[in-house]
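Undergrad: sequence and predicted structure are below.
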Amino acid sequence: MNPAVDSANRAQILNGIRRSLRRGELAGEERRAVEQRLAAPPRGPAVARAALPASEKVALFCQWAEANNATVAHVTAADVPAEVVAYLVRNNLPAQAAIAPSSQLDAYDWASQKMLSRPSGPRLGRRLDGACRPPTCRSCTNDSPLRPTAAQ
């Protein structure tokens, strides 16, 4: 970083702002007022939900998630793998879960769910419904019925 270039760039930006405001650099009392405001900025608006107890915050989150077509299940950490399988069964989906690499997710007992397949590597780019999502999907060939067409 070159301080001279940074200073010139900063001056150019500030001069552009001043031109758009049709005024020059602030001086005197106006400048002191701005410096005081920047030194002790006012607090933003208080969001009422931030003051809610934790259980009500969770309930509100769940309400909004469900309103946006998310599925919410209240389970213990030990029950997460079983709930994933139960969700797939309830929705008549393949017993496959493409799970992002995460130490938290890896800590769950996925092996307890014998019927659950957890693909990894390049296969993660393939959608579980059998459709293809280029360019991440490397399993499609030129004659594959899953190969995307120009219209997709």
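TA: Yep, it's here. Since this is a predicted model, take the numbers as computed values, not measurements. Numbering: from 1, shown residues only.
Undergrad: got the phi and psi for Gln96?
TA: Here is the backbone geometry of Gln96 (degrees, to the nearest 10): phi -130, psi 140.
Undergrad: ditto for Pro42
TA: The phi/psi pair for Pro42 (degrees, to the nearest 10) is phi -70, psi 150.
Undergrad: enumerate every residue touching it.
TA: Listed by C-beta atoms under 8 Å, 6 or more residues apart in numbering, the contact set of Pro42 is empty. Bear in mind the C-beta positions are built from the backbone N, C-alpha and C, glycine included.
Undergrad: avg pLDDT for the lengthiest helix in the chain?
TA: The longest helix of the chain (DSSP state H) is helix 3-21. Mean pLDDT, helix 3-21: 89.
Undergrad: keeping just the C-alphas, turn that helix into CSV.
TA: Extracted in CSV, the C-alpha atoms of helix 3-21 (Å, rounded to 0.1, in the frame of the first residue of the first chain):
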residue,chain,number,x,y,z
PRO,A,3,0.2,6.1,1.5
ALA,A,4,0.5,8.9,-1.2
VAL,A,5,-1.7,7.0,-3.6
ASP,A,6,-4.2,6.2,-0.8
SER,A,7,-4.3,9.8,0.2
ALA,A,8,-4.9,10.9,-3.4
ASN,A,9,-7.6,8.4,-3.8
ARG,A,10,-9.3,9.4,-0.5
ALA,A,11,-9.1,13.1,-1.6
GLN,A,12,-10.7,12.2,-5.0
ILE,A,13,-13.5,10.4,-3.3
LEU,A,14,-14.2,13.1,-0.8
ASN,A,15,-14.1,15.8,-3.4
GLY,A,16,-16.6,13.9,-5.5
ILE,A,17,-18.9,13.7,-2.5
ARG,A,18,-18.4,17.4,-1.8
ARG,A,19,-19.3,18.2,-5.5
SER,A,20,-22.5,16.2,-5.3
LEU,A,21,-23.4,18.0,-2.1
